[in-house]
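Asker: All I have is the shape, not the residue letters:
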């Protein structure tokens with residue numbers, strides 16, 4: 001009888017654990033939906049632009065009937081529930097930026113895929129457009145400038161930068177007269193001084209792969225965008241960026257994008 005009671009108690013505990021697991025899953029999915037639902041709206045000379053910061057380094061845009069996904073990653077959203085992609089832009093090959101599962105979920109037979117050279121080698125079957133630093137592309141009326149994204153200091157091992165110079169991409173997307181800088185994984189590289197007018201910038205703030213919020217503040221002051229969204233946050237606090245830029249004239253939009 002003692003063993004039977006233990007068996008009954010075990011079944012009760014198992015049911016409660018299962019219920020808690022289900023609840024946790026529902027909370028996670030609710031969180032992913034919240035990220036996907038965030039929308040930023042802007043007027044451009046070529047019509048309205050909506051931007052959805054999904055999470056981490058993942059975004060998507062809607063513009064002139066097009067949907068453009070940037071670095072889709074399954075860990076931050078259920079991409080099967082998001083709009084199909086007319087374009088997919090990949091900044092680099094690391095798994096939180098190049099996720100084949102997320103890509104396949106939004107891919108269609110007519111999707112235009114733009115990638116850095118390293119990512120292109122892993123997506124050969126999708127016939128990507130290979131973009132390198134310094135390129136300027138015009139796709140469906142959008143001018144896309146390909147800019148450097150790399151580490152100056154931070155390394156995975158001596159002499160091995162997380163993101164070596166010349167390998168990976170950031171993008172400046174021109175939606176009419178509205179210019180959006182998507183930094184990708186980068187530190188505050190000197191090329192940023194040459195970018196010109198930036199209306200909206202997405203700047204990474206997590207260590208060890210990019211830069212901390214305090215360093216990003218100086219970087220943002222160099223860029224001098226009208227608006228900045230600290231993204232690719234990891235465990236960093238985006239409010240530090242907002243506090244550091246108070247009174248600068250730069251609007252900081254703080255969103256949960258870990």
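Answerer: Noted; the coordinates are in hand. Source: prediction; values computed, not measured.

Asker: tell me the contacts of the residue nearest the centre of the chain?
Answerer: Centroid-nearest residue in the chain, with C-alpha atoms, centre = their mean: residue 57, separated by 1.8 Å. When contacts are counted by C-beta atoms under 8 Å, 6 or more residues apart in numbering, residue 57 touches 70-71, 73, 91, 96-97, 184-185, 204, 231-232. Any C-beta I mention is one placed from the backbone N, CA and C, and that applies to glycine too.

Asker: give me that answer again for 6 Å
Answerer: 71, 97, 232 (C-beta atoms under 6 Å, 6 or more residues apart in numbering).

Asker: so where's the chain uncertain?
Answerer: Low-confidence segments of the chain (pLDDT under 70): 1-37, 155.

Asker: so where do the helices sit in it?
Answerer: 2-37, 100-106, 117-122, 213-223, 238-244 (DSSP state H).

Asker: tell me which residues in the third one are buried?
Answerer: The reference is to helix 117-122. 117-120 (16 or more other C-beta atoms under 10 Å).

Asker: what does stretch 93-100 contact?
Answerer: With C-beta under 6 Å, 6+ apart as the criterion, stretch 93-100 contacts 57, 71, 73-74, 90-91, 118-119.

Asker: sorry, back to before: which of the contacts of residue 57 fall within strands?
Answerer: Assigned to strands by DSSP state E, none of the contacts of residue 57 qualify.

Asker: any chance of those in TSV, plus neighbour count and distance to residue 240?
Answerer: As requested, these are exported to TSV (neighbours: other C-beta atoms under 10 Å; distance: C-beta to C-beta, whole Å):
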residue	neighbour count	distance to residue 240
71	28	23
97	23	24
232	25	14
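
Asker: How many neighbouring residues does residue 66 have?
Answerer: 16 (other C-beta atoms under 10 Å).

Asker: got a list of what it touches?
Answerer: Applying C-beta under 6 Å, 6+ apart, the residues near residue 66 are 86, 140.

Asker: if you set the cut-off to 7 Å instead, what comes out?
Answerer: Counting by C-beta atoms under 7 Å, 6 or more residues apart in numbering, residue 66 makes contact with 86-87, 140.

Asker: List buried residues within the residues you listed.
Answerer: Here, 16+ other C-beta under 10 Å leaves 86-87 buried among the contacts of residue 66.

Asker: Check the contacts of residue 66 against residue 214 and report the nearest one.
Answerer: Distance to residue 214 across the contacts of residue 66 (C-beta to C-beta) is lowest for residue 87, with 34.0 Å.

Asker: how about the nearest residue to the closest one, chain neighbours excluded?
Answerer: residue 68 (4.2 Å; C-beta to C-beta, 6 or more residues apart in numbering).

Asker: for residue 228, same thing?
Answerer: residue 201 (4.8 Å).

Asker: if we can go back for a sec, I'd like the contacts of residue 57 as a markdown table, with distance to residue 243 appended.
Answerer: Output for the contacts of residue 57, formatted as a markdown table (distance: C-beta to C-beta, whole Å):
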| residue | distance to residue 243 |
| --- | --- |
| 71 | 27 |
| 97 | 28 |
| 232 | 19 |
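
Asker: Which stretches in the stretch 101-250 of the chain count as strands?
Answerer: 112-115, 129-130, 136-139, 142-149, 155-157, 160-161, 168-175, 178-182, 200-204, 227-231 (DSSP state E, counting those that start in this stretch).

Asker: Thanks again, I'm all set now.
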